[in-house]
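Student: sequence and predicted structure, then a few things I'm wondering about:
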Amino acid sequence: MLNLEKVTKGKESILHNLMQFYIYEFSKFVPEIRLEQDGTYKLFNLNRYWENSNFHAFFIKLENEYICFALVESESKSFPNTFHEFFIIATYSGKGYGEKAATELMLMFPGNWIITQIEANYPAQAFWRKLVYKLTNGDVTERYDKERRSIQEFHTSSIVDVAQYFYRNRHFRNNINIA
């Protein structure tokens, strides 16, 4: 069973540990990322995820094993919902877990969404493009900004026939637990 677990301040160190793998993978696309003197990557400041109600950190677990995390900012008057960071451990990449978790999170935070990928991260662009186009049946605006980042914008009301999507993936909804 796939589990979405809200990260609490008490589990921040686990999130930081998982983020080391994420930063390592991300360094393929951003060569400026370097190891610190202690052999780790610089830690993200995660305080806003415990202090601001619009910021949400989630572990994605398969049974009890950590396989992914997502950092989400929920919609406010000035900004749409967005994934600040989303990561699947390589062992589980391409097996549908990221698609399932991302879809569930998008449905958890209804409204406008904007998803951005850096220019060089073609795997992320392909993942988000495929997922968003499939979920919205193409009712998405895609553009590139001046830094050549790929950006998809859509509203969760465009997620057409979610019941049919879930039926095609019949084990999808029944196999997600939200804690």
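Tutor: Received the coordinates, thanks. Numbers count the residues shown, from 1 in each chain.
Student: ok, and what's touching the helix or strand Leu71 falls within?
Tutor: Assigned by DSSP states H and E, Leu71 falls within strand 65-73. Outside strand 65-73, the residues within contact range by CB atoms under 8 Å, 6 or more residues apart in numbering are 7, 14-15, 18-19, 22, 49, 54-61, 79, 81-89, 91-92, 97-98, 101-102, 105, 109. In this view, the C-beta of every residue, glycine as well, is placed from N, C-alpha and C.
Student: cool, and stretch 114-126?
Tutor: Contacts for stretch 114-126 (CB under 8 Å, 6+ apart): 26, 29-30, 80-83, 128, 132, 145, 147-153.
Student: measure the residue nearest to Tyr92 when sequence neighbours are not counted to Gly94 for me?
Tutor: Nearest residue to Tyr92, sequence neighbours excluded (CB to CB, 6 or more residues apart in numbering): Ile67, at 4.5 Å. Distance of Ile67 to Gly94, given as CB to CB, to the nearest Å: 12 Å.
Student: which one's more surrounded, these two?
Tutor: Ile67 (22 against 12; other CB atoms under 10 Å).
Student: how about the helices in this structure?
Tutor: Counting by DSSP state H, one finds helices in the chain at the ranges 12-26, 48-51, 97-108, 122-136, 162-168, 171-174.
Student: of all those, which one is nearest Met1?
Tutor: Among the helices of the chain, the nearest to Met1 by CB to CB is helix 171-174 (8.8 Å).
Student: any low-confidence regions in the chain?
Tutor: The chain contains residues with pLDDT under 70 at 160-176, 178-179.
Student: 50 instead?
Tutor: 163, 167, 170-173 (pLDDT under 50).
Student: who's sitting farthest from the centroid in the protein?
Tutor: Gln37 (29.1 Å; CA atoms, centre = their mean).
Student: any idea how far Ser53 is from that residue?
Tutor: On the measure of CB to CB, Gln37 and Ser53 end up 36 Å apart.
Student: got it, and Phe29?
Tutor: Counting by CB to CB - Phe29 and Ser53 are separated by 31 Å.
Student: Gly98 too?
Tutor: 25 Å.
Student: who's more crowded, these two?
Tutor: For Gly98 versus Ser53, neighbours defined as other CB under 10 Å are more numerous around Gly98 (21 against 7).
Student: I appreciate the help and will end here.
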